[in-house]
Each structure stands twice: as structure tokens, then as C-alpha cells.
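In: Pasted the sequence and its predicted model underneath.
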2 protein chains.
Amino acid sequence: MSEEFLKVARAAREAAAELAPLPRAPKDRALRAIADALVAHAAEIVEANAQDVERARTGGTSEAMIDRLRLDETRVAAIAEAVREVADLPDPVGEVVRGTTLPNGLELRQLKVPLGVIGIIYEGRPNVTVDAAALCLKSGNAVLLRGSSSAYSSNTALVKIMQGALEGTEVPSGAVQLVPGQSRDSVKDLMRARGLVDVLIPRGGASLINSVVEESSVPVIETGVGNCHVYVDAEADVDLAVQILLNAKAQRPSVCNAAETFLVHEAVAAAFVPKALEALREAGVTVHGDERIAAHGTGVVPVTEDDFYTEYLSLDIAAAVVGSLEEAVAHIRRYGSGHTDAIVTRSQGAARRFVALVDSAAVAVNASTRFTDGGEFGFGAEIGISTQKLHARGPMGLTELTSTKWIYTGEGHLRTSEGTVVAG
Amino acid sequence: MSEEFLKVARAAREAAAELAPLPRAPKDRALRAIADALVAHAAEIVEANAQDVERARTGGTSEAMIDRLRLDETRVAAIAEAVREVADLPDPVGEVVRGTTLPNGLELRQLKVPLGVIGIIYEGRPNVTVDAAALCLKSGNAVLLRGSSSAYSSNTALVKIMQGALEGTEVPSGAVQLVPGQSRDSVKDLMRARGLVDVLIPRGGASLINSVVEESSVPVIETGVGNCHVYVDAEADVDLAVQILLNAKAQRPSVCNAAETFLVHEAVAAAFVPKALEALREAGVTVHGDERIAAHGTGVVPVTEDDFYTEYLSLDIAAAVVGSLEEAVAHIRRYGSGHTDAIVTRSQGAARRFVALVDSAAVAVNASTRFTDGGEFGFGAEIGISTQKLHARGPMGLTELTSTKWIYTGEGHLRTSEGTVVAG
């Protein structure tokens, strides 16, 4: 592990110990100080960002990617505003999860507490640097940020300004740290920092997430890979199903809760598929379908098994006809990523069966898959969408950035082989 | 991965899919069938166990270890009775964790669901084979059991009888599987079975747990390492403190919630330490103390830094005098394992500070550390005690063997850039 990394990781660990017991008010004051500082130093941020943009342009990055990278004063103001919104959210820390007085008189409480030090590994936009820091601070955690090297100048400026803003507050400035260096070694350091880092959250493509899961000895929360399905049941309202499918696929194809496959029960294939193909074609979507899909229209590209595994994130969708709800569920279990899967049906029984049998973070009934989102769920903010089963599953808000602690209080309670004895 | 392993892991995965949607009643019937079968086949179990005992004896295993391994008809009856007790516990699966109707009319519910396939790696007594299987089945999970090779004959017999008992029930018999083979390769297979196994729970010594955490790509819940502290505050009732310390150390020294170090505030050292040394000596405990402890009595062995890191699990305890509550907390943060730490104090303020600052799964106030236990907490049963922060922290009961699933139900809800539109 590099000395530079150890230095920031230890600083974060120390800051975490100071930050964890703070109640809400000083944390909110610190977040507002960060928001003010971002606005006050907007010109500096834009200047640093210009270096990243220049480097990206020289390196031949596409205009679409450069637009994701670019910051101007308006975007900086929006980032600052998002920090203020996090300050306005309730603080989960200190919430009593369970509590009782045990038969022996011990008062038992389980409280939400911060996780400690959270490592975030991310690609793309520099706004994540500030969003992630704000959510971690609000939930009482220190954060080690490891952003894309393409945004390194922007991220360096943003973290420096956030640390400066914390100087005048009760939150230690060491609670926000940029992992130094742009090479892959710094990611490796993070993955090996068991004991210094409590959890790693990789945000990005499947290959980043897989490599972190495989290599990390720090516990990992997997996020964001969404191979989502829409299943059109035998009892579906066909026109409603077309609209839900179209929304799930085409309203914003680049996000993880967009649909990537539709499955249709053979009993409604003749009624549904022609309408679906027409609506998808009008929206510019290429359908990769099996023979029974292709039989109902033109322009269907033959589907391969790889297609069923693919998260396109584009105007493409795989499609197949199935003989039963159970066959649809088996397909989803086999090829899906456990993110969100929807059923369209008028049958209460079919909805109930689908909900019970599909093993995913979210199951939608007669609704678009696009609603699986911390904002839509009312969390106020989101650090990512977990597609694993441990700790957090589905959209992760502030609560998912906490652990718990048991506290029990007695007056000299001793445990003996005959039961509790109270000394005194 | 060995073909043998893949076969049982896939069988468990298939069984998990069938088992997950089952409500409580068929699961309880299956557990009672297992209990009945264990009693009916007690002779067979004792016979298989005799082979393990014989092998252990030939191998020169200590009588204490052989006693842990040995099963007789009475012990088999107790194991069966424990299964019936699990059947009597409430089922966490299906519990609504959170639920609301969103502003757009979507009905949102978060339900507890089984984790899927749980891998348990354990040492020692063969009763764990049945206890762990019962807890996993009750919470709707399939289980892959990898016990100690010293108990392989016993475990093989127990699993065969449990599978046989499940044959006549609605719970698929594949839901309980013994990992084949006794070599370390079978543990490696388990650790690499990402996608087939949802979580690994190692139960045993620190070295087993560390190697699993370092090597596993399957998510791991760490359990059981307890370097617990008793801090005697400046405001402590000295006699009460002696009794709590004695109970925490000596009532059952071999378990993870026994105390391994005591720290005493310098203001009460002169009053507390002589009494503590006397009481510990009478209980046969060797005190490894610093100079300020040794100044108050005889027979104190000089403490090393290694002692402070050590989970003795024996009649030994490390000890030091500290200058403040904060110094005690810093010691605990540095050397502790995050299991359970206790404060003895009359001061409400000191108790509050200690609880806020100590970063452990459980904090005890004026009570022995020995109460950190699923049974004592009222969970009815325990699969282990988690000393990590993700997913579960502290004693783990049935609830900790579940994940969650979000379900949202609409009537044609679509997400647009202007907000929700309901199709129809």
C-alpha cells in the first residue's frame, strides 16, 4: 500500500471517529458551508474542470462524454443546491431500530450508527464527488473518493474546496479525502484497506464492479447493473403493456432501470407483439427477438443467448415468447441481474405469483421499471442501486449508509448458569 | 471448482428457489419432520459419530475436544428439541419493513425475503450441522454445510437423515447439503461460488475467519472473534465493578463474549485494582498487567502489546490503568475486535460518552459482556455473532438471515420528464 494512500486513509479513519457521534445540527451546518464554498469558488472549479475537458478533447473523447465531464457556473450552482437538499433530509443516525426491556430488566436498544469510512469508486461526472461526499457526511461517515482519472483536476479542486469549507465547522476536514494518484494501484490500495475502510461502493460499469467484487477484501456493495425485464402476462391489457414497455425501454435507455428484455405469454403474443414492434420501431428501438417474435412483424433481428445477458443501455431490446409465467420467471432468474423486473397483468393471482417467484431487488406490477430510484421512492437522494442481497438491496439512501450498534444497560447484571443475577 | 461441489451447489440453488416463496406452516412441518427423524435414527447417528470419536482418539485429540465431538442418544434428543424450538419461532419472511403509497399513487412495499443459499463453514461440534440447517430452512434459505473434517462421519449421517426427512414434506430435500470432501479445496470452492452462494458465514477461530474474508468473492459475514473490554470508570461503584469484571472474565472464559482486558481509570485504581486482583486470583485468573496495575498487588504478569490484541479464551486477562474515559476508548478502538465492551460507572454522562464513542457491535453499561447473545437478546436462536458492520452486527437470529425485496404496484404508471403519467 502506498504511503500516500495510507496517509489519507488514516486521516479519514481518525475523522470518522470524531464525526460518528455528532448529532444532526453540526453536520447540516457543515453541509451548508460546503454548498456556500462551492458557489464562492465556482470560477476556480470551472478553471480546473477546463483542464480535464482540454485533456479529454486532446485524447479524442466523444462530445457526449465531454458534456458529462464539463462544469460551468450553472452546473456548480446545481451541485451546491443538491448539497443543501441533503442537509434538509432527516438524519438516520441515532434512530432506534429495535428496543425492549428484557425479562431480566436489561434495557436493550439497537441504534443506527455510521458505517465509518466509506470508499467510493466511480466513473464519469465530477458532480458525483460532491453528491457522494454530502451523503456520507450527512450519515456520519468519512469518505475516500476515487473518481475517474479523466476528472482528476476537477475532483482535486472540489475536494480541496470541501475540505476548506469544513475547517470552520465541527466536522473534521479529514472526513472528505480524494484517493491520491490516477493509476489502477490506487484502486488496489482501496480494495486492500481492510480495517481502514469499512465498505467499498463501486459505481460504474459491470467490469469495474466485477473486478472490485473479485479482488476486494473490504466488504463491497455492488450497484447499478440492470438487466431489467418486462413480462407481458396472458391476462395483460395489451395496450397498457405496450405503453409500459415503451416507457421502460425508451424513456431513458442509458440508465440501469431501463428494460433490456421483454417476455410475452404465448396466449397474448398475437395481440401484443405487432403493436409492441410498431411502437418500439417508432421510438427507434431495434428488437432482437426469437422466431415467435419475428413471426409477428418485420425488422426483428435474430436474438442470441448473449443478447439475453446484455445490458444494452441503448435503443435495443431482446424479446422472447414464453409458454407460462413460470417460464418467464425461469428466464429472468437465469439471465437477469436482480435489479428490477415488471409484470403487466390484470390477474391478481399472476401478480402475486410473479412477485413471490422473481428474485430481484425490485418487482414492478403494472408499472414501468423506471421507478426503481431513490428519488422516486422518496429517499431524497441516492448513492446507488444495490443489486446484491447483503446489507442493502435496491435504491440506497442515507439509511443504507448506516450500520447498527446494540446498547444494553443494567445495574450490575451478571450472567450465571442459573440465569441473571443483579449484583449490588 | 470440483464437479461434486457444483452438483450440490446447483441442487441447493434450485431448492432455494422453491423454498423461498413458502409460507411458515410448511417450513415448520418440515422442521418437525427433521426433529422426529433425528430421534428415530439416533442409533445410526451415534454409530457414525463413534467413527469420528475413534479417529480423533487414534489421532491423539484431547479428551476435552473429544467430548465436544461426542454424540449420545441424550445429545441427539437435545439437538432434535432445538429444531422444534426453531419451528416455534416467528418467521421473518414476508414481514413488511417499510411501506407507503407514493405521491403518484404507486403502492411501495419493502418485504423481508430469504437470502437464497447460505454457506456455513464451521469447526467443532456436530450439533451445529443441525442448528444451522434449521435456522436457514426456517428463514427460507437453502444451506451448504462445510463442517470440520473431524466430524465428517457424523455430519454425513445427520445431513442424510435431514434430507430423508424432507422427502415427505413441501420443503425440497436439496435445501440441505453437505459440501463433499474433507480437504481445504472444498472450502475454496465455497469461497469462489459467487452466483451460486449468496453469503458465507464462517464460524470458528480468527485464522479461519481471516482467510475466508481475504479469499472469498462470495460476500462474507464475519463472526465470533471477541476481544471484549471492561472499563471501570472514575465514577464506578468499585464493588459492583469487581463483580461485573469477574463475571465477564470467568463465568465462561472460552466464549467470544468473555472479557479479555480490563481498563481502570487512575482515579479509582487504588480502590479497585487490589480487590479485582484478589477476586481474579481466587477464580484462577492470571492477570497480565502494566506497571500501574502491578503496583497494586502481587502475581501480576507483565503485559505486552500482543496481550492487548489477544483473545485468550482462557483464564487470562490483560489490564491497564488509563488517565481518562477517552484514553480507554482509544485503547478499545485500537486493540478491540468490535464485539462487546462494557463500562461500569455511576455517571450518566460517562455512560453516554462511552456508548457514543465505542465503535463495537454491543456496548454494555453496568452489565457483564456475557449478555451479548442471541438467546439473551430474545432472538430464540443464534447463527453467530457478527463483528462487522455490513448487513448484520452483533447476535444474528432469523431476521439476519433475510434480505429484502421492493415491490411497487401501479395501474399503468409511466415515468416521464414531467413526472408520473398513468396510462390507460
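Out: That came through fine.
In: quick one, phi/psi of A:Gly99?
Out: A:Gly99 has phi and psi values of phi -170, psi 140 when expressed as degrees, to the nearest 10.
In: Figure out how far the lowest-mean-pLDDT helix or strand in chain A is from the centre of its chain.
Out: For chain A, using mean pLDDT, DSSP states H and E, the weakest element among its helices and strands is helix A:206-215, scoring a mean of 86. Here helix A:206-215 is found 15 Å from its chain centre; the criterion is C-alpha atoms, centre = their mean, to the nearest Å.
In: elements contacting that helix?
Out: helix A:184-191, strand A:199-203 (3 or more C-beta pairs under 8 Å, 6 or more residues apart in numbering or on different chains; DSSP states H and E). Just so you know, the C-beta spots here come from the backbone N, C-alpha and C atoms, and that holds for glycine as well.
In: let's go with 10 Å and repeat that
Out: Judged by 3 or more C-beta pairs under 10 Å, 6 or more residues apart in numbering or on different chains; DSSP states H and E, helix A:206-215 is in contact with strand A:117-122, helix A:184-191, strand A:199-203.
In: Off-centre distance for the very next helix or strand once past that helix?
Out: Next along the chain after helix A:206-215, taking DSSP states H and E as the criterion, comes strand A:228-232. How far strand A:228-232 lies from its chain's middle: 21 Å, per C-alpha atoms, centre = their mean.
In: cool, stretch A:65-81 as well?
Out: Worked out by C-alpha atoms, centre = their mean, stretch A:65-81 lies 20 Å from the chain centre.
In: if we can go back for a sec, mind checking which of the helices and strands packed on helix A:206-215 is nearest chain B?
Out: strand A:199-203 (5.8 Å; C-beta to the nearest C-beta).
In: got the angle for the closest one vs helix A:184-191?
Out: Relative orientation of strand A:199-203 and helix A:184-191, computed by axes from the mean of the first three to the mean of the last three C-alpha atoms, to 10 degrees: 140 degrees.
In: Are strand A:199-203 and chain B in contact anywhere?
Out: Yes. Using C-beta under 10 Å from any C-beta of the partner chain, strand A:199-203 comes into contact with chain B via A:Val199.
In: how near is A:Asn155 to chain B?
Out: 26 Å (C-beta to the nearest C-beta, to the nearest Å).
In: Only C-alpha atoms, please: export stretch A:216-229 in PDB.
Out: Extracted in PDB, the C-alpha atoms of stretch A:216-229 (Å, rounded to 0.1, in the frame of the first residue of the first chain):
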ATOM      1  CA  SER A 216     -11.500  -6.700  -2.600                       C
ATOM      2  CA  SER A 217     -11.000  -7.900   0.900                       C
ATOM      3  CA  VAL A 218     -13.000  -4.900   2.100                       C
ATOM      4  CA  PRO A 219     -16.800  -5.600   2.000                       C
ATOM      5  CA  VAL A 220     -18.300  -4.400  -1.200                       C
ATOM      6  CA  ILE A 221     -21.900  -3.200  -2.100                       C
ATOM      7  CA  GLU A 222     -22.500  -4.000  -5.800                       C
ATOM      8  CA  THR A 223     -24.500  -1.400  -7.600                       C
ATOM      9  CA  GLY A 224     -26.000  -0.500 -10.800                       C
ATOM     10  CA  VAL A 225     -26.000  -3.300 -13.300                       C
ATOM     11  CA  GLY A 226     -29.600  -3.500 -14.500                       C
ATOM     12  CA  ASN A 227     -30.700  -6.200 -17.000                       C
ATOM     13  CA  CYS A 228     -34.400  -5.500 -16.400                       C
ATOM     14  CA  HIS A 229     -37.300  -7.400 -17.800                       C
END
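In: Figure out how far it is from the centre of its chain.
Out: Centre-to-centre, stretch A:216-229 and its host chain are 8 Å apart (C-alpha atoms, centre = their mean).
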